[in-house]
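*Asks:* sequence plus predicted model, see below.
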Amino acid sequence: MDPRLVTALIVLIGVPAVLVGYIWGTEQVLKVFPERVKPRVRPWLWLLPAIAFLFIFLVYPTIGTIVRSFESKGNILGENTKFIGLDNYVWFFTDGRALSALKNNVLWLVFLTLFTVGLGLIIAVLVDRVRYESFAKSIIFLPLAISMVAASVIWKFMYDYDPNVGTLNAVAGIFGAGPVNWAQTSGFSLTTFMLIIVMTWMWTGFAMVIISAGLKGINTELLEAARVDGANEWQVFRGIIFPLLLPTIAVVATTIIITALKAFDIVYTMTNGNFDTEVVANLMYKEMFTNQNFGRAGALAVILLLAIIPIMAFNVRRFQAQEAIR
Amino acid sequence: MATVTFDHLTKRYSADVVAVNDLNLEVGDGEFLCLVGPSGCGKTTALRCVAGLEEISDGELRIGERVVNDVPPKDRDIAMVFQSYALYPHMSVFDNLAFGLKLRKTPKDDIKRRVDEAAAILGLQKLLDRKPKALSGGQRQRVALGRAIVREPAVFLMDEPLSNLDAKLRVQTRAEIARLHQRLGTTTIYVTHDQVEAMTMGDRIAVMRDGLLQQAGTPQDLYDDPANVFVAGFIGSPAMNFATTRTEGEHLMLGESRLELTGAAAKAASERPRGSNLLIGFRPEHLELANGQGADAVRIPAKIDVVEFLGNEELIHAQSEGHEVVALVPSDRKVSVGESVEFAIPVDKLHLFDPESEKSLAQ
């Protein structure tokens, strides 16, 4: 028999059989308990597999990472490590390369959020007033569907030094400006900003779609009331639309902030951290897979995790607040 | 203070969707005009044209002497109360009231004084710090009113402001708005689909249907002399009875029964060709159970279907020559279902309509 057929049969029959078997098994186990306690025990038995998976694949690795972050570099297999306390963390806050990665991550966080939310808001408000709205929105949303690596390739062409290849330098050439090495300039963090622009190009559509949905949720009578009350279009936006959109904007901003903290793909494929574009996630990758320094990589992972926790907490609380209103 | 003039005002959404068709109407200074009609009749669109929220396709709109067709809402010196109230949810009641004043750069002390005044008139003093979410429907409604009066505009526009309130609160607020109008004397255009609201509140009523103005006049005018079948059926509750009759000289035949007319009605009937159809209308409250009435009463035989006891009055549903007739009579004379009776209508309370044009034959 074709081994693929055997696999399919196992999946088709085996998986449901295991599920039914598990439920039957839990009922057998439940017989041990008195009738009164059964309803309280049953949900936990049913949740057990999920909780087990959560522990094996999420909690255990997290603890492992935290433990590793206190250890020194071992041999090529990651053996013979020593407990070195907070040394890896001290390294992060003293090493020039690590501090530059931290600085760049802050740049990413501030400017990616500012650009995407700002542009998303402006575009959402503007397209709301035109007839070909869905077409315009589709075009702007499209880049989000492109893989980060593909986006990097596209923008490498855009930024190319040779005006015959690089679109930006070709345009600069029209105005008589010399070619600029967009993707390979350390000064003024120019290249970091260029990478942030790539990500902005990808994520503006996301911000726009969410904000646009929020915009549709605002009762148009409110805007009309404001106009009758004496507001011009800018005052309607400042006084009514913007405050009512703030919860939506907060959700978008936190999502983008988390994206900025996790920035990796674009940096890895376009510069690999050269030209003063290093970010924490890329540094972690290098420590892990190039230097085999699991301790430092672990420390970097923990730092990223700690940075994201407050934002997640904020998001969860917002979500709960919104649920409470419902 | 100002008048509002609709001068051949037309609002077209597309070539064949005409929401308001050649509306001519003048709202006097300080007048309370009710714009009434079934949903989709164009009354709200007409109001939104006054507010500047809809572009006017044709004709002119004047507030006072000024043509305002192209004036943005904020410069029209109007205030509007919306059906949904449209309170700003992120602002306190105070800020909701003060929003328009702040936009006009009114001095702070002035804003405070005027908001406090409006709040006192509407009994909102204790609610000024609350957000709209923490208010009841009636309170929100009053805040919406307050937001309008605090600006001291030349014209108030109200778009079905009572439709979201429960029946009791509606009656209460109706009186409150009427009192407010007496006190402020501001020109008001009030849109409603409820003819009772229109009758009780309006100095004048304008009835609209399918974008066309049917009739404008005082509540009494509309009740006594409806211009056509639509107005006759729309104004008054319970609604007017209608029946098709044939002319016979100066009298009418309702099926096999002969209706003896006198006076103006007889003259109007005699002017029609013999045997032609004529639509008659009579209000339930003008029907009496006949017991030897005077000569100037028209008699209609009927068989009683249902009697609804309302306390001091009864609503009688009866059949007369294939027409349903509703009568509102004092409940002192007991009648029973299945009984044959004769209703009498004073002849001057009988309305005659042309069955083709549905226009009144009075005058």
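*Replies:* That came in fine, so what should we check first?
*Asks:* which parts of chain A belong to which domain?
*Replies:* Following automatic domain parsing, one gets these domains for chain A: A:3-68, A:87-325.
*Asks:* how many residues are close by residue 37?
*Replies:* Defaulting to chain A. When neighbours are defined as other C-beta atoms under 10 Å in any protein chain shown, A:Val37 has 11 of them. The way it works is simple: take the backbone N, C-alpha and C, and place the C-beta from them, glycine included.
*Asks:* switch to chain B, please.
*Replies:* 27.
*Asks:* now swap in the one 4 residues further on and tell me
*Replies:* Applying other C-beta under 10 Å, we find 25 residues neighbouring B:Cys41.
*Asks:* report the contact partners of the closest residue to it other than its chain neighbours.
*Replies:* Leaving aside its chain neighbours, B:Cys41 sits nearest to B:Met208 (4.4 Å; criterion: C-beta to C-beta, 6 or more residues apart in numbering or on different chains). The contact partners of B:Met208, by C-beta atoms under 8 Å, 6 or more residues apart in numbering or on different chains, come to B:23, B:35-37, B:41-43, B:46, B:214.
*Asks:* circling back to that earlier point, just put the domains of chain A in JSON lines and tack on distance to B:Leu254.
*Replies:* Shown next, in JSON lines, are the domains of chain A (distance: least, C-beta to C-beta, whole Å):
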{"stretch": "domain A:3-68", "distance to B:Leu254": "75"}
{"stretch": "domain A:87-325", "distance to B:Leu254": "50"}
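*Asks:* relative to A:Thr26, how far out is A:Val15?
*Replies:* Distance, A:Val15 to A:Thr26, by C-beta to C-beta, to the nearest Å: 17 Å.
*Asks:* for A:Val18, that is, sorry about that
*Replies:* Distance of A:Val18 to A:Thr26, given as C-beta to C-beta: 13 Å.
*Asks:* right, and B:Glu342 touches B:Lys303 too?
*Replies:* No - here B:Glu342 lies out of contact with B:Lys303, judged by C-beta atoms under 8 Å, at a distance of 10.7 Å.
*Asks:* go through the domains of chain A and pick out the most buried.
*Replies:* Most buried of the domains of chain A by mean neighbour count (mean count of other C-beta atoms under 10 Å in any protein chain shown) is domain A:87-325; its value is a mean of 17.
*Asks:* and that one, anywhere near chain B?
*Replies:* Yes - Domain A:87-325 reaches chain B (C-beta under 8 Å from any C-beta of the partner chain) through A:219, A:221-222, A:224-232, A:235, A:239-240, A:243-244.
*Asks:* quick one: contacts for the residue of the stretch 151-300 of chain B with the smallest separation from chain A?
*Replies:* Of all residues in the stretch 151-300 of chain B, B:Arg151 sits closest to chain A, at 7.3 Å by C-beta to the nearest C-beta. Residues in contact with B:Arg151 (C-beta under 8 Å, 6+ apart) are A:229-230, B:79, B:100-101.
*Asks:* what are the ranges of the helices in the stretch 151-300 of chain A?
*Replies:* For the stretch 151-300 of chain A, the helices defined by DSSP state H, counting those that start in this stretch cover A:167-174, A:190-216, A:220-229, A:233-236, A:242-261, A:265-270, A:280-285, A:294-325.
*Asks:* how far is the shortest one from where the chain is centred?
*Replies:* In this case it means helix A:233-236. The chain centre lies 33 Å from the centre of helix A:233-236; the measure is C-alpha atoms, centre = their mean, to the nearest Å.
*Asks:* which elements pack onto it?
*Replies:* helix A:220-229 (3 or more C-beta pairs under 8 Å, 6 or more residues apart in numbering or on different chains; DSSP states H and E).
*Asks:* run the last query once more with 10 Å
*Replies:* Applying 3 or more C-beta pairs under 10 Å, 6 or more residues apart in numbering or on different chains; DSSP states H and E, one finds that helix A:233-236 contacts helix A:220-229, helix B:93-103.
*Asks:* over to the third one?
*Replies:* For helix A:220-229, the helices and strands in contact under the criterion 3+ C-beta pairs under 10 Å, 6+ apart are helix A:233-236, helix B:43-51, strand B:78-81, helix B:93-103, helix B:137-149.
*Asks:* angle of that helix against helix B:137-149?
*Replies:* For helix A:220-229 against helix B:137-149, the angle by axes from the mean of the first three to the mean of the last three C-alpha atoms, to 10 degrees is 30 degrees.
*Asks:* pull the distance from helix A:220-229 to the chain's centre.
*Replies:* Relative to its chain's centre, helix A:220-229 lies at 37 Å (C-alpha atoms, centre = their mean).
*Asks:* compare the helices and strands packed on helix A:233-236 and give me the one nearest B:Ser237.
*Replies:* Closest of the helices and strands packed on helix A:233-236 to B:Ser237 is helix A:220-229, at 29.8 Å (criterion: C-beta to C-beta).
*Asks:* list the residues that contact both of B:Glu342 and B:Lys303?
*Replies:* The contact sets of B:Glu342 and B:Lys303 overlap at B:Ser320 (C-beta atoms under 10 Å, 6 or more residues apart in numbering or on different chains).
*Asks:* in contact with whichever residue of the stretch 251-363 of chain B sits closest to chain A, which residues?
*Replies:* At 35.9 Å from chain A, B:Glu358 is the closest residue in the stretch 251-363 of chain B, using C-beta to the nearest C-beta. B:Glu358 is in contact with B:227-233, B:279, counting by C-beta under 10 Å, 6+ apart.
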